[in-house]
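Engineer: Pasting a predicted model and its sequence here:
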Amino acid sequence: MPDPGRDENATLTQLGHHLDEPVHLRNSEFGRTVTDHVWHCPVRAAPEDRHLSDAEWGEIAQRIVEAAGIAPPGDDLACRWIAVRHADDHIHILATTVREDGCRPKLHDSGVRVGDACRQIEKDYGLRQLKKGDRTAARRPTQAEMHKAERLGWEQTSREWLEGRIRAAIPHAGGPEELLAYLDAGDVLVKAR
């Protein structure tokens with residue numbers, strides 16, 4: 001694989017072409033073109049953490065791509081990926097989301113699995129330990145929702161719009177009936193069950 005960090009004759013373009021070979025092969029062989037084929041995961045150590053070596057960062061990157069499902073252990077047909085370290089305290093992991101056999105990896109809930117792996121990495125390497133998220137935060141809009149909002153010229157997604165209306169209604173409502181009435185008066189179609 002061309003390594004612009006260690007080989008002065010290698011270029012980023014060559015590296016990109018190497019990583020994207022399975023994507024180009026899939027796009028030429030199958031009917032539907034894959035366009036969203038890059039997986040990116042920045043990983044940063046806390047300012048008070050010790051200096052990690054290249055080998056340690058490499059091990060950490062390997063554990064993260066395994067947890068995500070990008071490159072499961074022992075899978076010779078896994079996705080191609082790289083880890084780039086351009087500062088002492090962090091790396092960026094980049095992968096193409098097309099496997100060598102042309103299939104797509106199963107990335108559903110990869111964020112949860114990566115988060116769990118990171119909590120274990122923090123323990124194993126003696127780094128600052130973060131608390132595991134409880135998944136109660138508002139979900140981020142999906143790409144489909146963002147594309148729809150952009151296509152229709154909306155400033156926010158329908159999910160964000162609805163969440164805003166609900167948050168605005170809650171302080172004014174003394175009970176469920178008042179909440180539904182407040183939402184109904186605010187252009188939210190309500191169907192009580």
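Structural biologist: Arrived safely, thanks for sending.
Engineer: pLDDT value on T13, please?
Structural biologist: We have a pLDDT of 81 for T13.
Engineer: same check, this time on the one 4 residues further on
Structural biologist: In the predicted model, H17 carries a pLDDT score of 80.
Engineer: a strand runs through it, doesn't it?
Structural biologist: No. Looking at H17 with DSSP: H, G, I helix; E, B strand; the rest coil, it is helix, so not inside a strand.
Engineer: That one and R80: what is the separation?
Structural biologist: 11 Å (Cβ to Cβ, to the nearest Å). (Each C-beta comes from the backbone N, C-alpha and C, glycine too.)
Engineer: Who has more neighbours out of those two?
Structural biologist: Between H17 and R80, counted using other Cβ atoms under 10 Å, the more crowded position is R80 (20 against 12).
Engineer: who touches the more buried one in this structure?
Structural biologist: The contact partners of R80, taken as Cβ atoms under 8 Å, 6 or more residues apart in numbering, are H18, L19, E21, P22, A95, T96, E100.
Engineer: give me that answer again for 7 Å
Structural biologist: Counting by Cβ atoms under 7 Å, 6 or more residues apart in numbering, R80 makes contact with L19, P22, A95, T96.
Engineer: So what sits opposite the third one in the bridge?
Structural biologist: Put plainly, it is A95. Following DSSP bridges, A95 is listed with bridge partners W39, W81.
Engineer: Next, count neighbours for it.
Structural biologist: The tally of other residues near A95 (other Cβ under 10 Å) stands at 23.
Engineer: repeat for the last one
Structural biologist: For T96, the tally of surrounding residues (other Cβ under 10 Å) stands at 24.
Engineer: What of the first one?
Structural biologist: Each residue near L19 was counted by other Cβ under 10 Å, and the total is 21.
Engineer: From the contacts of R80, pick the one nearest E150.
Structural biologist: For those, the residue nearest E150 by Cβ to Cβ is T96; the value is 24.9 Å.
Engineer: buried residues in the least confident helix or strand in the chain by mean pLDDT?
Structural biologist: Within the chain, no helix or strand scores below helix 12-29, which has a mean of 83 by mean pLDDT, DSSP states H and E. Neighbour counts over helix 12-29 (16 or more other Cβ atoms under 10 Å) mark L15, L19, D20, P22, V23, R26, N27 as buried.
Engineer: Adding distance to A117, write those out as TSV.
Structural biologist: Formatted as TSV, the buried residues of helix 12-29 follow (distance: Cβ to Cβ, whole Å):
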residue	distance to A117
L15	25
L19	22
D20	26
P22	24
V23	25
R26	27
N27	31
